[in-house]
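K.L.:
Attaching a predicted model along with its sequence, questions to come.
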Amino acid sequence: MPREVVCACETGQPLRVHTSKGEVLVVRVLSFDESELVYIVLSSSRPERYAVCDSTGFVLPLSEIEKLRLLEEPRRSPSKRDARRLG
């Protein structure tokens, strides 16, 4: 199992996935096993494929994954309200 998949599942960090069909996804991993990845889509190069929300997740065979990259959560910039509270 790729280290990135394990880390993404354990920490909840988003994962960028490049598939053999040319699609690029940013996903949140729900679960995985030796043959497939179960995920929710955060963004996709083909959003029309994910127009309907599926709370149980989508399945991608691991054999279709070409490249993986673990992503950092975007850092939230302080709001004006936070600045007033701090200053």
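P.N.:
Sure thing, it's come through.
K.L.:
where in this structure is pLDDT low?
P.N.:
Residues of the chain meeting the criterion pLDDT under 70: 53-55, 73-87.
K.L.:
Quick check, central residue of it?
P.N.:
Centroid-nearest residue in the chain: residue 27, 1.8 Å away (criterion: C-alpha atoms, centre = their mean).
K.L.:
So that one belongs to a helix, correct?
P.N.:
No. Secondary structure of residue 27 (DSSP: H, G, I helix; E, B strand; the rest coil): strand, not part of a helix.
K.L.:
got the contact list for the residue lying closest to it once chain neighbours are set aside?
P.N.:
Leaving aside its chain neighbours, residue 27 sits nearest to residue 39 (3.8 Å; criterion: C-beta to C-beta, 6 or more residues apart in numbering). In short, each C-beta sits where N, CA and C put it, glycine included. Neighbouring residues of residue 39 by C-beta atoms under 8 Å, 6 or more residues apart in numbering: 15, 17, 25, 27, 28, 29, 30, 57, 58, 60.
K.L.:
count of neighbours near the first one?
P.N.:
Residue crowding around residue 15 was assessed by other C-beta atoms under 10 Å; the count is 23.
K.L.:
again, but for residue 40
P.N.:
15.
K.L.:
sorry, back to before: look up phi and psi at the residue nearest to residue 27.
P.N.:
The phi and psi torsions at residue 39 (degrees, to the nearest 10) take the values phi -150, psi 160.
K.L.:
And for residue 57?
P.N.:
Here the main-chain torsion angles of residue 57 (degrees, to the nearest 10) amount to phi 100, psi 160.
K.L.:
Residue 30 is in contact with that one, correct?
P.N.:
Yes. Assessed by C-beta atoms under 8 Å, residue 57 is found in contact with residue 30 at 4.5 Å.
K.L.:
shared neighbours of the two, anything?
P.N.:
38, 39, 40.
K.L.:
which element is the first one on?
P.N.:
Residue 38 belongs to strand 36-44 when elements are defined using DSSP states H and E.
K.L.:
partners of the next helix or strand after that strand in the sheet?
P.N.:
Next along the chain after strand 36-44, taking DSSP H and E as the criterion, comes strand 58-61. Next to strand 58-61 in the sheet, as set by DSSP bridges, lie strand 36-44 (antiparallel).
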